[in-house]
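[1] pasting the sequence and the predicted coordinates here, then a few questions.
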Amino acid sequence: MTIEPNIFKINLFSYDVNDTNHNRDEYKKYCIDNNILGWGWQRGDNAKEVDSLEKYHEDYGKSKSLSVACNQISPMKDGDYVWTYVDGQWYLGKVFGNFIFNAPSGYPKFGMQRKCQWKPVKNKDLIPGNILTYSRKDGTIRRVENNDSFEKYCQYLYGDLKEEPKNLNFWDLIHYEDLEDIVGLYLQKEENYLVLPSTNKMGTKDYEYMLIQKTEPYKKAIIQCKNNSSIGEDNWKKFEEGEYKEFQIYILTIKEDTHPKEKYLEHPKTEMFSMSHNERIFVFNKDKLKEWAKANFYILPERVKKYIEISE
């Protein structure tokens with residue numbers, strides 16, 4: 001039986017916080033140049049050489065951040081893929097060999113390391129959206145949610161697949177930022193809207209950005225896109241009767257578990273979306289939206305174009 005590879009994202013760094021002269025960029029470059037991945041934390045004055053991830057973990061006592069990292073890294077095995085970012089360049093690596101644990105006096109000052117053959121991915125438009133997007137939850141190491149299409153895409157970028165993959169699942173590759181682009185392009189081209197760029201901010205959790213119609217009655221709209229989660233009931237209350245009750249609402253969810261209470265009505269003029277709540281909330285039919293994207297291929301971002309080319 002073939003064991004599918006895991007996929008990780010890592011921030012390479014040294015653990016010796018007492019070394020005030022160290023340069024983290026040098027450690028990262030050391031990893032890339034020597035084909036290793038390394039990371040760690042300061043282990044205290046009495047730290048000893050260890051020979052397993054479990055003992056390494058125990059040496060820290062009750063460090064929450066370490067526990068999270070060790071839980072993330074524990075399934076790492078030969079053949080897994082790892083993404084990292086060093087000095088303006090993305091790299092995709094392939095893991096081989098076992099964990100190696102260093103005493104605090106070792107050089108470079110990593111708590112643990114593994115062999116990892118790194119290859120640069122020079123075209124940023126080929127990098128998956130869930131890798132590009134920074135999250136506070138990323139920490140030092142994060143196991144990236146995997147599926148068959150994403151796995152094959154990483155294998156292709158690394159060079160383990162000699163031919164470009166075909167018939168992958170478009171929605172397994174796409175990221176929420178790509179969804180935002182597709183929805184925004186559709187609404188501007190087909191529904192008479194203009195995007196207000198300044199409304200796309202980190203703090204606006206209820207929506208991605210605002211739009212306004214470019215002709216009377218100049219209705220305002222907001223969009224919400226989800227690729228791995230559903231829209232919460234609190235959001236629905238805001239959309240239906242709360243602070244956004246005067247807005248047109250456009251929603252695209254990949255899971256399609258849209259409204260918690262009622263069934264949507266078919267739009268009388270188009271199959272692109274269904275409607276709800278006084279014909280003011282619109283939920284996209286994702287397959288119809290993909291058909292539209294394919295028909296308007298020339299205006300799409302490069303990464304979305306690539307996903308369409310290799311999808312079913």
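    Yep, that arrived.
[2] show me where the stretch 1-150 of the chain has strands.
    Taking DSSP state E, counting those that start in this stretch, the strands of the stretch 1-150 of the chain run over residues 7-10, 36-39, 81-86, 89-101, 112-120, 141-143.
[3] cool, and the stretch 151-300 of the chain?
    193-196, 210-213, 220-226, 248-253, 265-266, 273-276, 281-284.
[4] figure out which of those is closest to residue 8.
    In terms of C-beta to C-beta, the element of the strands of the stretch 151-300 of the chain nearest to residue 8 is strand 220-226, at 23.7 Å. C-betas here are computed from N, CA, C, even on glycine.
[5] packing partners of that closest one?
    helix 176-190, strand 210-213, strand 248-253 (3 or more C-beta pairs under 8 Å, 6 or more residues apart in numbering; DSSP states H and E).
[6] dump those into a markdown table; add distance to residue 307 as well.
    Formatted as a markdown table, the helices and strands packed on strand 220-226 follow (distance: least, C-beta to C-beta, whole Å):
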| stretch | distance to residue 307 |
| --- | --- |
| helix 176-190 | 7 |
| strand 210-213 | 24 |
| strand 248-253 | 15 |
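[7] please convert those to CSV, extending it with mean neighbour count, distance to residue 80 and mean pLDDT.
    What follows is the helices and strands packed on strand 220-226, written out as CSV (neighbours: other C-beta atoms under 10 Å; distance: least, C-beta to C-beta, whole Å; pLDDT from 0 to 100):
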stretch, mean neighbour count, distance to residue 80, mean pLDDT
helix 176-190, 19, 25, 93
strand 210-213, 18, 41, 95
strand 248-253, 22, 30, 90
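[8] show me what contacts the residue nearest to residue 158 when sequence neighbours are not counted?
    Closest residue in space to residue 158, ignoring its immediate chain neighbours: residue 92 at 5.3 Å, by C-beta to C-beta, 6 or more residues apart in numbering. Shown in contact with residue 92 (C-beta atoms under 8 Å, 6 or more residues apart in numbering): 81-83, 118-119, 121, 154, 157-158.
[9] residue 92 and residue 300, how far apart?
    For residue 92, the distance to residue 300 equals 24 Å [C-beta to C-beta, to the nearest Å].
[10] show me what the residue nearest to residue 158 is bridged to.
    Going by DSSP bridges, residue 92 is paired in beta bridges with residue 83, residue 119.
[11] that one and residue 3: what is the separation?
    The gap separating residue 92 from residue 3 is 19 Å, by C-beta to C-beta.
[12] what do you get for residue 154?
    15 Å.
[13] and these two? Which one has more around it.
    Legend: neighbour count by other C-beta atoms under 10 Å for residue 154 and residue 3, higher for residue 154 (24 against 9).
[14] show me the contacts for the more buried one.
    5, 7, 81, 92, 128.
[15] which of those residues count as buried?
    For the contacts of residue 154, a burial check counting by 16 or more other C-beta atoms under 10 Å picks out 5, 7, 81, 92, 128.
[16] my read is that the first one contacts residue 151, right?
    So that's residue 5. Yes: assessed by C-beta atoms under 8 Å, residue 5 is found in contact with residue 151 at 6.3 Å.
[17] average pLDDT for stretch 161-174?
    Mean pLDDT, stretch 161-174: 87.
[18] identify each buried residue in that stretch, please.
    For stretch 161-174, by 16+ other C-beta under 10 Å, it's 168, 170-174.
[19] export those to CSV and tack on distance to residue 240?
    Below are these laid out as CSV (distance: C-beta to C-beta, whole Å):
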residue, distance to residue 240
168, 36
170, 30
171, 27
172, 31
173, 32
174, 27
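[20] from the residues you listed, pick the one nearest residue 196.
    Distances from residue 196 to those, taken by C-beta to C-beta, are shortest for residue 174, at 23.7 Å.
[21] so what's the closest one up against?
    129, 227, 254, 304, 307 are the contacts of residue 174 under C-beta under 8 Å, 6+ apart.
[22] find the nearest non-adjacent residue to the third one, please.
    Here the nearest residue to residue 254 in space, its sequence neighbours aside, is residue 227; by C-beta to C-beta, 6+ apart that works out to 4.6 Å.
[23] residues touching the one you found, list them.
    Contacts for residue 227 (C-beta under 8 Å, 6+ apart) come out as 171, 174-176, 179, 254.
[24] what of residue 208?
    Per C-beta under 8 Å, 6+ apart, neighbours of residue 208: 180, 200, 222-225.
[25] which among the residues you listed end up buried?
    Buried members of the contacts of residue 208, scored by 16+ other C-beta under 10 Å, are 180, 222-225.
[26] would you turn those into a markdown table with distance to residue 112?
    As requested, the buried ones among the contacts of residue 208 are exported to a markdown table (distance: C-beta to C-beta, whole Å):
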| residue | distance to residue 112 |
| --- | --- |
| 180 | 38 |
| 222 | 45 |
| 223 | 43 |
| 224 | 41 |
| 225 | 38 |
